[in-house]
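# sequence below, structure please.
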Amino acid sequence: MKFGLQLGYWGAQPPDGVGELVTAAEETGFDAVFAAESWGSDAFAPLAWWGSRTSRVRLGTSVAQMSARTPAATAMHALTLDHLSGGRAILGLGVSGPQVVEGWYGQPFAQPLRRTREYVDIVRQVFAREAPVTSDGDHYGLPYRGPDATGLGKPLKPIVHPLRADLPIWLGAEGPRNIAQTAEIADGWLAIYFAPRLAGMYDEWLDEGFARSGARRSRADFEIAASAQVVITDDPAAEIERMRWVSALYIGGMGAPELNFHAQVYRRMGYGREVDEISALFQAGRKAEAAAAVPDELITDTAIFGDEAHVRTRLREWADAGVTMMLISVSDADQMRRLQTLVDL
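Now for the predicted structure:
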């Protein structure tokens, strides 16, 4: 099982010490470095900037939000990063949620599965550079054919010759239909809140996608990158307490009350009653109470805190569940070095 460093997205300003972390990740034997975006920092520029310090690790977006850019624009970003890094880019994509898509990007959220399929198809056409890129889809028609179209749109191929027609596309997916489609059309799954005890359920969804006619990959060459908090510590209780606040935010505040994909993930884990309570408290502005309502088990289902022996044992559970990469956040270079002994699991 490989390790990936998750840089995430920024808060009010760029975090300190990231360049040193990225360098340490390469030196420690991490396989990849990923950057994310929400509605602030973007996912591509940090990889180009800090990734310039590296020569080996893969550089991935986890995730680039599809509504932020047209498919052609996203493909341009990816092929540019791939050239600059010598063929090390991974394009991780996700649909985000309606609050961000409609509220921040001003784009429609409806039919996310169909939009994803059209988006990936166009990006792959750009990477292949076999013919001018066209699409007769309902969401990303190329050339543009809306009521205000001039009729002068011309199908084009990218000027830049992509290094790789098979530049990997990984999809962030949380629900059963989205995960099945990911197994069908993508090269990897970016899994958030992966719980090894539910591996059988995930396998059913993935196998449905692998079995579809024209599926791109099989389980043998499909990557599963699970985002997880992994900390070697003698005080796991302190880490659990820290994570209560993060969990309460994502369950109660990262999505509309009517549609929160993160909350749905925890419901599938069996935490429906707890999700209802946390959500109600958070949305009422009682955030400390919401955090206090997060049970330890909800956190430790999807995170690993403890001494080296405990962490090593738990990582094997993720590997046995089919995870090929642990995508983790690391606070400093010292923690990175402590993880070095686990990289060759």
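
# what about G252, distance to D296?
For G252, the distance to D296 equals 18 Å [C-beta to C-beta, to the nearest Å]. (Each C-beta comes from the backbone N, C-alpha and C, glycine too.)

# same deal with M1?
Note on M1: its distance to D296, by C-beta to C-beta, is 25 Å.

# one more: L5?
Applying C-beta to C-beta, one obtains 26 Å for the distance of L5 from D296.

# compare these two (neighbour count), which wins?
Just comparing L5 and D296: by other C-beta atoms under 10 Å the higher neighbour count belongs to L5, 25 against 13.

# wait, a strand at the more buried one?
Yes. According to DSSP: H, G, I helix; E, B strand; the rest coil, L5 belongs to a strand.

# which ones are touching it?
In this structure, L5 makes contact with 21-22, 25, 30, 32-34, 57, 327-330, 336, judged by C-beta atoms under 8 Å, 6 or more residues apart in numbering.

# okay, it and A110: tell me how far apart.
When distances are taken as C-beta to C-beta, L5 and A110 turn out to be 35 Å apart.

# what's the answer for I232, then?
From I232 over to A110 (counting by C-beta to C-beta), the distance is 44 Å.

# and for A226?
The spacing between A226 and A110, counted by C-beta to C-beta, is 29 Å.

# quick one, which of those two is more surrounded?
For A226 versus A110, the count of surrounding residues by other C-beta under 10 Å is larger for A226: 25 against 10.

# so the more buried one makes contact with I328?
No. In this structure, A226 is not within contact of I328 by C-beta atoms under 8 Å, at 9.2 Å.

# tell me how many other residues surround H77.
Residues near H77, counting by other C-beta under 10 Å, number 20.

# cool, and the one 3 residues further on?
By the other C-beta under 10 Å criterion, the neighbourhood of T80 contains 15 residues.

# the closest residue to it other than its chain neighbours sits in which helix or strand?
Spatial nearest neighbour of T80, chain neighbours left out: V160 (7.2 Å); criterion: C-beta to C-beta, 6 or more residues apart in numbering. Assigning secondary structure by DSSP states H and E places V160 outside every helix and strand.

# the one 3 residues further on too?
L163 is part of no helix or strand, with elements assigned from DSSP H and E.

# ok, it touching G87?
Yes. Shown here, L163 and G87 form a contact pair, counting by C-beta under 8 Å, at 4.8 Å.

# what about those two, which has more around it?
Set side by side, L163 and G87 give different neighbour counts by other C-beta under 10 Å, the larger being at L163 (15 against 11).

# check contacts around that one.
Neighbours of L163 in contact, by C-beta under 8 Å, 6+ apart: L79, D82, H83, G86, G87.

# hang on, the first one packs against F127?
Yes. Counting by C-beta under 8 Å, L79 does reach F127; the two are 6.7 Å apart.

# what's the overlap in contacts for the two?
When C-beta under 8 Å, 6+ apart defines a contact, the residues bordering L79 and F127 alike are P162, L167.

# spatially, which two of the contacts of L163 are the most separated?
In terms of C-beta to C-beta, these reach their longest pairwise distance at L79 and G86, which sit 12.8 Å apart.

# what about those two, which has more around it?
Just comparing L79 and G86: by other C-beta under 10 Å the higher neighbour count belongs to L79, 23 against 10.

# give me the distance between the more buried one and A149.
27 Å.

# ok, now S52?
40 Å.

# now do the helices in the chain.
Counting by DSSP state H, the chain forms helices over residues 18-28, 45-51, 71-84, 98-103, 112-128, 176-185, 199-210, 236-252, 261-268, 272-283, 287-292, 296-300, 308-320, 333-339, given from the N-terminal end onward.

# quick one: the third one to helix 112-128, angle?
What that stands for is helix 71-84. Going by axes from the mean of the first three to the mean of the last three C-alpha atoms, to 10 degrees, helix 71-84 is angled at 50 degrees with respect to helix 112-128.

# contacts for helix 71-84?
Defining contact as C-beta under 8 Å, 6+ apart, one finds that helix 71-84 is touched by 44, 47-48, 51-52, 59, 64, 66, 69, 88-89, 91, 93, 118-120, 122-123, 126-127, 133, 140, 142, 158, 160, 162-164, 167.

# among those residues, the buried ones, what's the PyMOL command?
To isolate the buried members of the contacts of helix 71-84 in PyMOL, using 16 or more other C-beta atoms under 10 Å:
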select buried, resi 44+47+48+51+59+64+66+69+88+89+91+93+118+119+120+122+123+126+127+133+140+142+158+162+167
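
# give me the domain ranges for this structure.
Taking automatic domain parsing as the domain assignment, the ranges for the chain are 2-229+308-342, 234-306.

# tell me the pLDDT at H262?
At H262, the model reports a pLDDT of 82.

# kindly report the same for A256.
Model confidence at A256 (pLDDT) stands at 66.

# residues near the closest residue in space to M1 that isn't next to it in sequence, how many?
The shortest distance from M1 to any residue other than its chain neighbours is 4.3 Å, reached at A319 (C-beta to C-beta, 6+ apart). The criterion is other C-beta under 10 Å. On that basis, A319 has 15 neighbouring residues.
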